[in-house]
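**Student:** quick one: sequence plus predicted model below, questions after.
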Amino acid sequence: MSIPQSGGATITDHAQLAEYLESGCKPRDEWRIGTEHEKFGYCADSLRPLPYEGERSIHAVLSALRDRFGWAPVEEQGKLIGLTKDGANVSLEPGGQLELSGAPVETIHHTCDEVNDHLREVKAVSDEIGVKWIGLGAAPVWTHDDMPLMPKGRYKLMDAYMDTVGTTGKIMMRRTCTVQVNLDFASEADMAKKLRVAMALQSVATALFANSPFLDGKPNGHRSYRSRVWRSLDDARTGIPAFVFEDGFGFERWVDYALDVPMYFVHRDGTYIDALGMSFRDFLRGELPALPGELPTTADWADHLTTLFPEARIKKYMEMRGADGGPWRRLCALPAFWVGLMYDDAALEAAWDLCKGWDHETRLGLRVAASERALEAEFGGVRMMDLAHDCVAIAEEGLRARARPGAGGLVPDETHFLNALKDTLESGRTLADEMLDDYEGAWAGDLSRIYAERSY
């Protein structure tokens, strides 16, 4: 979840909302890559999730990272709830999942260095107190009651609201993890094309990274249950909005969509003010019941945009949101996949050619099928395995065309970061498929085996 914004100019004109989004446009040489990933922490001996406080806890890990590795603390109401350093943030998801929100960097080589440094730091402080971390899309055994809600005002408000708008919001908050990548756009037209490709092909990422076949101690009938959870969370703010594919789509249309999404909160002086179900349109008129007579700021608008949860979304950049959390090697594969598709013009055009003829039913059908069957999915005559092969091949060509070297020039480009996905395509088996095989075979139905074999 995003860190709350502060300050900003008062919004006195509706046009400022689209201008805020448009201000994110950047020339190609300023395009960057920001990778975010979440992971579950647990006590190595008991295999129980971490509480917020205690000898083996979220607070202990954050404090050690702060003290040993020079991270600056982020506090809320006197509670340590995050860290920041060099443009990156370490933050807490609602159930104690630890998230690295990476700094914007130029290449996937830099992204992978950042991920590796972070995981080494986390491992160093965690090993000393008997804590381990596992990368999965959903908690395989722990129940809702097992997962403590972190002491953040935003989460307390959301937790109370979730059951009024859907059936799976609390599962999303406490028991799921994702990896995502944030990318830039050059113009309104570039944003529109990239967002259409992102929305349409997000199901491919869901399939390739499917890694959540268990919940409540048993198979859940899906390869990506995390994706399934998002389908019943809150129809007003999730899914694949059809208007993105309509003629004339641009920043103004995204603003209209965002204004129709009910609010969660307003952040003032370190406190989250309950604005659940209220309208940002009323806020623009100075008629928000939570803050009567007060107009919003650009920081309020930025915060509201973080409460939209479609399969891909825009703020001052674009976020790809379709993949399950996963093991160390896969954390660099997701940015490789999307950078390869998005940051080369020929690759972006080729990716659009794959999906531009689909109707909305096909896009939605593939999303459902990917969560259920991953690479075995098929809908409307589109076979996911074939589509995934095409997408990875296009991404590889896009990365080769970018020609961004690493390792002091010894590695000519970023294509090798796709190797994990190419291995999956060659075997035809996702991580979810492999774990289901283990569950029925070597694990003999004992899901406790997942911790030893799948942890970082």
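**Tutor:** Okay, I see it.
**Student:** and the next helix or strand past the helix or strand hosting residue 132?
**Tutor:** Here residue 132, judged by DSSP states H and E, is contained in strand 131-134. For strand 131-134, the following helix or strand on the C-terminal side (DSSP H and E) is helix 153-165.
**Student:** mind listing what's buried in that next one?
**Tutor:** Neighbour counts over helix 153-165 (16 or more other CB atoms under 10 Å) mark 153-158, 161-162, 165 as buried. In short, each C-beta sits where N, CA and C put it, glycine included.
**Student:** just stretch 319-339 next, same as before
**Tutor:** Across stretch 319-339, burial judged by 16+ other CB under 10 Å covers 319-328, 330-339.
**Student:** cool, stretch 111-131 as well?
**Tutor:** Judged by neighbour count using 16+ other CB under 10 Å, the buried positions of stretch 111-131 are 111-112, 114-115, 118-119, 121-122, 125-126, 129, 131.
**Student:** tell me the one of those residues nearest residue 16?
**Tutor:** Distance to residue 16 across the buried residues of stretch 111-131 (CB to CB) is lowest for residue 111, with 32.4 Å.
**Student:** ok, the closest one touching residue 105?
**Tutor:** Yes: between residue 111 and residue 105 a contact is recorded at 5.5 Å, counting by CB atoms under 8 Å.
**Student:** identify the contacts common to the two.
**Tutor:** residue 33 (CB atoms under 8 Å, 6 or more residues apart in numbering).
**Student:** before we move on, the earlier item: so which of the buried residues of stretch 111-131 are in strands?
**Tutor:** Residues of those located in strands (DSSP state E): residue 131.
**Student:** specify which member of the buried residues of stretch 111-131 is nearest to residue 347.
**Tutor:** Nearest member of the buried residues of stretch 111-131 to residue 347, counting by CB to CB, is residue 111, at 18.1 Å.
**Student:** quick one: the closest one and residue 52, what's the gap?
**Tutor:** Distance, residue 111 to residue 52, using CB to CB, to the nearest Å: 29 Å.
**Student:** could you list every residue that touches the closest residue to residue 84 other than its chain neighbours?
**Tutor:** In space, and not counting its chain neighbours, residue 84 is closest to residue 72: 5.1 Å by CB to CB, 6 or more residues apart in numbering. Residues counted as contacts of residue 72 (CB under 8 Å, 6+ apart) are 66, 83-85.
**Student:** only the buried residues of stretch 286-295, if you could.
**Tutor:** Quick answer for stretch 286-295 (16+ other CB under 10 Å): 288, 290-291.
**Student:** please apply the same query to stretch 35-46.
**Tutor:** By neighbour count on 16+ other CB under 10 Å, the buried set for stretch 35-46 is 35-44.
**Student:** so which of the residues you listed are in strands?
**Tutor:** Using DSSP E, 35-43 are the members of the buried residues of stretch 35-46 that sit in strands.
**Student:** and the helices in the stretch 301-450 of the chain, which stretches?
**Tutor:** Taking DSSP state H, counting those that start in this stretch as the criterion, the stretch 301-450 of the chain contains helices spanning 333-342, 345-355, 360-373, 384-402, 419-427, 431-440, 449-454.
**Student:** relative to residue 256, which of these is closest?
**Tutor:** The nearest among these, by CB to CB, is helix 360-373 at 18.1 Å.
**Student:** what's the closest one in contact with?
**Tutor:** Taking CB under 8 Å, 6+ apart as the rule, helix 360-373 contacts 199-200, 202-204, 206-207, 210, 221-225, 227-228, 231, 239-240, 242, 245, 311, 355, 377-380, 382, 384.
**Student:** got the CA positions of that helix in PDB?
**Tutor:** Extracted in PDB, the C-alpha atoms of helix 360-373 (Å, rounded to 0.1, in the frame of the first residue of the first chain):
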ATOM      1  CA  HIS A 360     -14.300  -6.900 -23.600                       C
ATOM      2  CA  GLU A 361     -15.700 -10.400 -23.000                       C
ATOM      3  CA  THR A 362     -12.500 -11.900 -24.100                       C
ATOM      4  CA  ARG A 363     -10.400  -9.700 -21.900                       C
ATOM      5  CA  LEU A 364     -12.500 -10.600 -18.900                       C
ATOM      6  CA  GLY A 365     -12.700 -14.200 -19.800                       C
ATOM      7  CA  LEU A 366      -9.000 -14.600 -20.000                       C
ATOM      8  CA  ARG A 367      -8.600 -12.900 -16.600                       C
ATOM      9  CA  VAL A 368     -10.800 -15.500 -15.000                       C
ATOM     10  CA  ALA A 369      -9.300 -18.400 -16.900                       C
ATOM     11  CA  ALA A 370      -5.800 -17.300 -16.000                       C
ATOM     12  CA  SER A 371      -6.600 -17.300 -12.300                       C
ATOM     13  CA  GLU A 372      -8.100 -20.800 -12.500                       C
ATOM     14  CA  ARG A 373      -5.800 -22.600 -15.000                       C
END
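**Student:** mean confidence score for that helix?
**Tutor:** Averaging pLDDT along helix 360-373 yields 98.
**Student:** which residues of the chain score low on pLDDT?
**Tutor:** In the predicted model of the chain, residues 1-7 satisfy pLDDT under 70.
**Student:** and residue 204, what are its phi and psi?
**Tutor:** The phi/psi pair for residue 204 (degrees, to the nearest 10) reads phi -70, psi -40.
**Student:** list the residues that contact it.
**Tutor:** 370, 384, 387-388, 391.
**Student:** again, but for residue 144
**Tutor:** 170-171, 174-175.
**Student:** and if we set it to 7 Å?
**Tutor:** Counting by CB atoms under 7 Å, 6 or more residues apart in numbering, residue 144 touches 170, 174.
**Student:** now it: how far from residue 365?
**Tutor:** 30 Å.
**Student:** which one among the buried residues of stretch 286-295 gets closest to residue 189?
**Tutor:** Residue 189 has its nearest neighbour among those in residue 288, at 33.8 Å by CB to CB.
**Student:** give me the element the nearest residue to the closest one once chain neighbours are set aside is part of.
**Tutor:** Excluding the flanking residues, the one nearest residue 288 by CB to CB, 6+ apart is residue 282, at 5.2 Å. Element membership for residue 282 (DSSP H and E) is helix 280-284.
**Student:** now swap in residue 63 and tell me
**Tutor:** Of the helices and strands defined by DSSP H and E, residue 63 is found in helix 58-69.
**Student:** packing partners of that helix?
**Tutor:** Applying 3 or more CB pairs under 7 Å, 6 or more residues apart in numbering; DSSP states H and E, one finds that helix 58-69 contacts strand 79-85, helix 108-127.
**Student:** quick one: buried residues of the first one?
**Tutor:** The reference is to strand 79-85. 79-84.
**Student:** from residue 283, how far out is the residue sitting furthest away from the middle of the chain?
**Tutor:** Residue farthest from the centre of the chain, counting by CA atoms, centre = their mean, is residue 293 at 35.1 Å. The spacing between residue 293 and residue 283, counted by CB to CB, is 11 Å.
**Student:** on that earlier part again, of the buried residues of stretch 286-295, just say which sits nearest to residue 347.
**Tutor:** residue 288 (43.6 Å).
**Student:** hang on, that closest one in a strand?
**Tutor:** No: according to DSSP: H, G, I helix; E, B strand; the rest coil, residue 288 belongs to no strand; its state is coil.
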